[in-house]
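**Q** Build me a model from this:
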Amino acid sequence: MSGSDDDDSRSYVKLVSAEGCEIFVERGVAIGGSETMKAMLEGQFMESEENVIRFPDIASHILEKVVQYLHYKAQNNDSPTRIPEFKIEPEIALELLVAANYLNC
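**A** Next up is the predicted model:
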């Protein structure tokens, strides 16, 4: 594998949900949006070496919504205008709150 291929593969992080669903997210979006993921990816942890973070307590649909929020946060971070509302379905609000608290995002 050439250096540029390695750089390309390291630009994304694989997130694995409780059910084993794999979601890929840009490394910068993960690090910029979640203090927990930042610590895992920049510290001396297995996740940093493997570029994979496993979340055995976060369901797929919740992890997917978290990734949507991380993208929303990255897009609207420096917006000079009013930031649009991030829609959250009431049925997942509690689970999402628990995940967001754990991920510190």
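**Q** If you average the pLDDT over stretch 17-30, what comes out?
**A** Stretch 17-30 carries an average pLDDT of 97.
**Q** what's it in contact with?
**A** Contacts with stretch 17-30, where a contact means C-beta atoms under 8 Å, 6 or more residues apart in numbering, come from 10-16, 37-38, 41, 51, 53, 55-60, 62-64, 67, 70-71, 74. Yep, even glycine has a C-beta here, placed from its N, CA and C like the rest.
**Q** What residues of the host helix or strand of Ile23 count as buried?
**A** Counting by DSSP states H and E, the element that carries Ile23 is strand 22-26. For strand 22-26, burial by neighbour count (16 or more other C-beta atoms under 10 Å) applies to 23, 25-26.
**Q** ok now do the closest residue to Ile58 other than its chain neighbours, which residues does it touch?
**A** Distance criterion C-beta to C-beta, 6 or more residues apart in numbering; nearest residue to Ile58, sequence neighbours excluded, is Ala99 at 5.1 Å. Listed by C-beta under 8 Å, 6+ apart, the contact set of Ala99 reads 55, 58, 62-63, 66.
**Q** In the residues you listed, which residue is surrounded by the most others?
**A** Within those, Val66 tops the neighbour count with 26 neighbours, counted by other C-beta atoms under 10 Å.
**Q** Not including adjacent chain positions, what is the nearest residue to it?
**A** Nearest residue to Val66, sequence neighbours excluded (C-beta to C-beta, 6+ apart): Ala99, at 5.6 Å.
**Q** roughly how far apart are Ile23 and Met40?
**A** Taken as C-beta to C-beta, to the nearest Å, the spacing of Ile23 relative to Met40 amounts to 15 Å.
**Q** Kindly reformat the contacts of Ala99 as CSV containing secondary structure and pLDDT.
**A** Listed next are these as CSV, based on DSSP: H, G, I helix; E, B strand; the rest coil; pLDDT from 0 to 100:
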residue, secondary structure, pLDDT
Phe55, coil, 97
Ile58, coil, 97
Ile62, helix, 98
Leu63, helix, 98
Val66, helix, 97
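**Q** Which one of these is nearest to Gly33?
**A** Nearest to Gly33 out of the contacts of Ala99 is Val66 (C-beta to C-beta; 8.7 Å).
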